[in-house]
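1. From the sequence below, what's the structure:
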Amino acid sequence: MKKIENFFSKGNKRNITPQDPKANRNSKAFVGQLHFEQIVKNFLDDNGNFDREVYYEIEEYRKESLILGRRIYINLKNKSNSNEKIIHVFIPEERRKG
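-> Coordinates of the predicted model:
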């Protein structure tokens, strides 16, 4: 297996795939990946609390070359009071208003 260098680098095709804007952004009709990233950001932005941990996992689902969507698993922990919040969602790639 070939070693991946610069995994987080810009343009790394083994780590980055295009995403439909509706699947990523928020709108009146849709909640996208950005919504969950904002939850994580807000959780970490609390200035007085350094006892917080975040586990963030994202997995892309495909059928051959067709991207179906992404599964996101988030575990937010506040170690100082043992509070824990788990978010587990699937965001489809293609969005249509019902």
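
2. So residue 50: helix, strand or coil?
-> coil (DSSP: H, G, I helix; E, B strand; the rest coil).

3. Kindly tell me how buried it is, as a neighbour count.
-> 9 (other Cβ atoms under 10 Å). (Each C-beta comes from the backbone N, C-alpha and C, glycine too.)

4. now the one 5 residues further on
-> When neighbours are counted by other Cβ under 10 Å, residue 55 registers 11.

5. and what of residue 62?
-> A count of nearby residues for residue 62, using other Cβ under 10 Å, gives 11.

6. Just the buried positions in the host helix or strand of residue 87, please.
-> For residue 87, the host element (DSSP states H and E) is strand 83-92. Across strand 83-92, burial judged by 16 or more other Cβ atoms under 10 Å covers residue 91.

7. got the contact list for that strand?
-> For strand 83-92, contacts defined as Cβ atoms under 8 Å, 6 or more residues apart in numbering pick out 23, 31-33, 36, 39, 61, 68-78.

8. Check stretch 61-73 too.
-> Against stretch 61-73 from outside (Cβ under 8 Å, 6+ apart): 17-19, 23, 33, 36, 55-60, 86-93.

9. gap between that stretch and the chain center?
-> Stretch 61-73 has its average C-alpha position 13 Å from the chain's average C-alpha position, going by Cα atoms, centre = their mean, to the nearest Å.
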